[in-house]
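J.: No sequence on hand, only this structure:
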């Protein structure tokens, strides 16, 4: 409590909150005692509440299915790590959520990550970009644009 600049009651409430979220907290009584988060399976617990963990898992699940090469593999790896770091109660809820939902994204052409980065940099710098464009009818033209925003799931040629 002294190291955190709070009273003992605050620490006890925080420990109880962590335990209610499913984290294992060891307590050692006495003057030299204290609290310690337990490392489970060699991993330090991830401190996210239910809403935060759900948001992260949903976003990673969506990113694993969007048309950006290279992102899906990283998103799946992060999702796997997230599963290992969450308490069992949240892990089960998020597993059920992922198994019972599907992303409703339109079928999109693959956009290489390098191109998205180039557009994002142009947005930040206020620069114009030039790119080739093919319409749905198959007509190819060159376009110039002043991008101001790159949506999270970009499709097209």
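T.: Perfect, thanks for sending it. Keep in mind that what you see is a predicted model, and the values were worked out from it rather than measured.
J.: how about the strands in the protein?
T.: 25-28, 34-37, 129-134, 140-145 (DSSP state E).
J.: relative to strand 140-145, how tilted is the third one?
T.: Read it as strand 129-134. 150 degrees (axes from the mean of the first three to the mean of the last three CA atoms, to 10 degrees).
J.: so for strand 129-134, what's the average pLDDT?
T.: Average pLDDT, strand 129-134: 88.
J.: which neighbours does it have in its sheet, and in what orientation?
T.: strand 140-145 (antiparallel) (DSSP bridges).
J.: picking up where we left off before, quick one: which of the strands of the chain is nearest residue 6?
T.: strand 34-37 (12.8 Å; CB to CB). Quick note: C-beta positions are derived from backbone N, CA and C, even for glycine.
J.: counting contacts, what elements does that closest one pack onto?
T.: helix 8-20, strand 25-28 (3 or more CB pairs under 8 Å, 6 or more residues apart in numbering; DSSP states H and E).
J.: can you redo the ones you listed as JSON lines with mean neighbour count, distance to residue 128 and mean pLDDT?
T.: Supplementary listing: those in JSON lines, determined by neighbours: other CB atoms under 10 Å; distance: least, CB to CB, whole Å; pLDDT from 0 to 100:
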{"stretch": "helix 8-20", "mean neighbour count": "13", "distance to residue 128": "51", "mean pLDDT": "88"}
{"stretch": "strand 25-28", "mean neighbour count": "11", "distance to residue 128": "55", "mean pLDDT": "88"}
